[in-house]
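Participant: Sequence first, then the predicted structure, then my questions.
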Amino acid sequence: MRRLWRNEVVAYTGHMGEKHDIELATGGEQETREVGERLGRVLQRGDVVLLSGDLGTGKTCLVQGIGRGLECQAPVTSPSFVLMNEYDGRERLFHVDLYRMEDVEELDELGLWDYPEQGILVIEWPERGAELLPGDGLVIELRYGDFDRQRRLRFLPRGPRGAALVEALGVA
């Protein structure tokens with residue numbers, strides 16, 4: 001894994017007064033899982049992580065790593081067809097995929113905002129319900145890199161908890 005881009009201080013209107021946007025490159029699925037595992041080790045009950053990116057950019061690989069970092073016993077798989085999978089570990093992991101979400105109002109029916117009280121909520125395709133998503137947490141944008149199988153992960157903290165997660169990861 002190598003750091004590609006860093007912008008140390010960006011204007012931010014949240015509680016901390018500044019924000020760090022960090023971009024990392026991974027050389028493939030295994031390195032993407034390793035980043036996720038590092039993140040999983042620092043996540044705590046109540047945390048919300050939003051994963052944005054095109055199909056195949058590594059969102060589910062990242063969540064598989066988060067599951068390892070949370071010591072989840074069951075293998076993490078994509079919830080594309082069931083909308084949400086739940087895993088027991090050090091903290092319970094709620095993995096949601098909004099790709100097939102057709103109506104934003106369905107999010108209210110799911111009761112997504114109750115899940116962070118019970119564990120960690122990770123949402124793929126958050127742009128499908130952007131106006132209903134919480135303001136504090138961590139957004140990770142994933143995209144294809146310049147080389148075969150390379151992925152770029154851009155960490156965008158939202159609010160004080162998001163900034164604390166980036167700091168705890170040691171990538172800031």
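Facilitator: Everything's here; your move.

Participant: The longest helix along the chain: which residues count as buried?
Facilitator: Counting residues, the longest helix found in the chain (DSSP state H) is helix 29-42. By 16 or more other C-beta atoms under 10 Å, the buried positions in helix 29-42 come out as 29, 31-41. Where C-beta positions appear, they are placed from N, C-alpha and C, glycine not excepted.

Participant: next one: stretch 91-109 to chain centre, how far?
Facilitator: Offset of stretch 91-109 from its chain centre (C-alpha atoms, centre = their mean, to the nearest Å): 14 Å.

Participant: In three-state terms, label the spatially closest residue to residue 33 that is not a sequence neighbour for me.
Facilitator: Spatial nearest neighbour of residue 33, chain neighbours left out: residue 65 (3.7 Å); criterion: C-beta to C-beta, 6 or more residues apart in numbering. Here residue 65 is recorded as helix under DSSP: H, G, I helix; E, B strand; the rest coil.

Participant: doesn't residue 53 make contact with residue 62?
Facilitator: No: with contact defined as C-beta atoms under 8 Å, residue 62 does not count as touching residue 53 (9.3 Å).

Participant: residues shared between the contacts of the two?
Facilitator: Common neighbours of residue 62 and residue 53, using C-beta atoms under 8 Å, 6 or more residues apart in numbering, are residue 142.

Participant: which residues does the residue nearest the centre of the chain contact?
Facilitator: In the chain, the centroid-proximal residue (C-alpha atoms, centre = their mean) is residue 49; its distance is 3.7 Å. Residues in contact with residue 49, defined by C-beta under 8 Å, 6+ apart, are 39, 43, 66, 120-123, 137-140, 165.

Participant: In ChimeraX, how would I select just the buried ones from these?
Facilitator: In ChimeraX, this line selects whichever of the contacts of residue 49 come out buried by 16+ other C-beta under 10 Å:
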select :39,43,66,120,121,122,123,137,138,139,140,165
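
Participant: Thank you, goodbye.
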